[in-house]
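Trainee: just the structure for this:
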Amino acid sequence: MTSISLFNKLKNKGDSGVALITVMLLGVFGAAIIIVLSYMSHTIISTSNISQNYLQALDIGKNIASFISNTVMSATRGLQCGVTGSNICIPQNNINCPATSNSYIFIPTSLYNSSSYTVTACYLFAVDDADAVEPYTMYGFHITVTNIKSSERADIDFVLKVQ
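Mentor: Numbers count the residues shown, from 1 in each chain. Modelled structure (predicted):
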């Protein structure tokens, strides 16, 4: 018997084992791909929910910033603390405002869903430059909007320049 024919006999006997191992390895590899794809899709979905919650909180914060700039600020370059008879700027008594804050700004719940979000708006500072060519006052505000259910939070600091 030649070495080639012996090799062919051994090769033919071992073919069924190699095929079985190949099929099993391909099955494990396919299962791993399916598991990785399902994990990735779950991660993408949860990330998009987090992003969506944050963007909703950010939109509420932008609406409140607009409310402050349009309603709380008066046309006479001053902070208007009484709007239609209600006291809108409350002296600093809110623990969520920084200690250096001048006052807490009351935000009407009509601007946001109070069962889903908490909102804190703080009046931080005012800086005057009466010696400028066009005198102006800059006001600083801080707004925090927190989603109660997911704890997603948007913090907005903005400065409003009034001339």
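
Trainee: and for the nearest residue to residue 134 once chain neighbours are set aside, the neighbour number?
Mentor: Excluding its sequence neighbours, the residue lying closest to residue 134 (C-beta to C-beta, 6 or more residues apart in numbering) is residue 163, at 5.4 Å. The C-beta positions use only the backbone N, C-alpha and C, and glycine is treated the same way. The tally of other residues near residue 163 (other C-beta atoms under 10 Å) stands at 8.

Trainee: hang on, residue 163 packs against residue 136?
Mentor: Yes - at 4.5 Å, residue 163 counts as touching residue 136 under the criterion of C-beta atoms under 8 Å.

Trainee: wait, residue 158 sits on residue 65?
Mentor: Yes - with contacts counted by C-beta under 8 Å, residue 158 reaches residue 65, the gap being 5.6 Å.

Trainee: anything in contact with each of these two?
Mentor: 141, 143 (C-beta atoms under 8 Å, 6 or more residues apart in numbering).

Trainee: any idea how far residue 156 is from residue 135?
Mentor: 27 Å (C-beta to C-beta, to the nearest Å).

Trainee: those two: who's more crowded?
Mentor: Ranked by neighbour count (other C-beta under 10 Å), residue 135 and residue 156 place residue 156 first, with 17 against 12.

Trainee: by mean pLDDT, flag the weakest helix or strand of the chain.
Mentor: Least confident helix or strand, the chain: strand 82-83 with a mean of 44, by mean pLDDT, DSSP states H and E.
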